[in-house]
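Asks: Attaching a predicted model along with its sequence, questions to come.
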Amino acid sequence: MSLAFVEYPAKGEHKATIIWLHGLGDSGDGFLPVASQLALPDELGLRFVFPHAPVQPVTINGGMAMRSWYDIKSMDLDKRADETGVRESAAKVEQLINQELNNGIAADKIILAGFSQGGVITLHLAPRLQQKLAGVMALSTYMCVPEKLTAEAKHTDLNVFMAHGSQDPVVPCEAGRHAFDVLTAHNMEVSWQDYPMGHQVCGEELLAIRHWLIARLS
């Protein structure tokens, strides 16, 4: 079954798409306001797609069902992302990317973005796609099975924007830095930003995202 989503349509002609994945327990609606806050130039023709993660039981939350891209069985970062669940969700997000390609949007006009759990899917999927995307945005996040990237990556020249809160109590900043180190070791073009905040997104970060999106899509 394909993922449901909310969207913020392109102003004028649709020329580019960003698919933005939310974090644990949130929904696509959580990041929807960001689309207008970014105040991007209309001529980019950027359509925002905010998918909803499937509802499933989450072990660390006592098995309570909530929107989640994968189960979390342990808070240990090396075991936190359930690999099977990550791969299943990545396949569903790939269907959304294929829909954009089928609608005539070129891969170099598609950005894949994700916050926290959504960022794990983003960093897993983008290097493994057949097509090279315009860029990847990984916010307050970490990596699933980084040791398998070398064998499975189809692209090591991706442009990746990473940002993290230096006081993040949910996904420690070091986890983001570790992902940065892995991606950089694969010769990816990775920029790193950190901000004095917790597990969230701030205004200064949105400004940096705006500049990066304009640079990647102009």
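Replies: All right, it came through fine. Residues are numbered from 1 along each chain as shown.
Asks: quick one: pLDDT of Val120?
Replies: Val120 carries a pLDDT score of 98 in this model.
Asks: Equivalent analysis for Met1, please.
Replies: For Met1, the model assigns a pLDDT of 76.
Asks: just how off-centre is whichever strand or helix holds Val120 within its chain?
Replies: Secondary structure assigned from DSSP states H and E places Val120 in helix 117-125. Shown here is helix 117-125, whose average C-alpha point lies 5 Å from the average C-alpha point of the whole chain (C-alpha atoms, centre = their mean, to the nearest Å).
Asks: Pull the residues that contact that helix.
Replies: 20-24, 53, 68-70, 81, 86-87, 89-90, 93-94, 112-114, 136-145, 160, 179, 183 (C-beta atoms under 8 Å, 6 or more residues apart in numbering). Yep, even glycine has a C-beta here, placed from its N, CA and C like the rest.
Asks: Output the lowest mean pLDDT helix or strand found in this structure.
Replies: Of all the helices and strands that make up the chain, the one with the lowest confidence by mean pLDDT, DSSP states H and E is helix 77-80; it has a mean of 81.
Asks: From Ile72, how far out is the residue of the chain positioned farthest from its centre?
Replies: Residue farthest from the centre of the chain, counting by C-alpha atoms, centre = their mean, is Gly62 at 25.9 Å. Relative to Ile72, Gly62 is positioned 12 Å away (criterion: C-beta to C-beta, to the nearest Å).
Asks: quick one, phi psi at the residue farthest from the centre of the chain?
Replies: Backbone torsions of Gly62, given as degrees, to the nearest 10, read phi 70, psi 30.
Asks: repeat for the one 10 residues further on
Replies: As for Ile72, its main-chain torsions (degrees, to the nearest 10) stand at phi -120, psi 110.
Asks: Spit out the contact partners of it.
Replies: Leu24, Val58, Thr59, Ile60, Asn61, Arg80, Ala81, Asp82.
Asks: Tell me the spacing between the spatially closest residue to it that is not a sequence neighbour and Lys79.
Replies: If you skip the residues right next to it in sequence, Ile72 has Ile60 as its closest partner in space, 4.8 Å away by C-beta to C-beta, 6 or more residues apart in numbering. In this structure, Ile60 and Lys79 are separated by 11 Å, where distance is defined by C-beta to C-beta.
Asks: Find residues that contact each of the two.
Replies: The contact sets of Ile60 and Lys79 overlap at Lys73 (C-beta under 8 Å, 6+ apart).
Asks: Could I get the average pLDDT for the lengthiest helix in the chain?
Replies: Longest helix in the chain by number of residues (criterion: DSSP state H): helix 83-102. Here the mean pLDDT over helix 83-102 is 97, rounded to a whole number.
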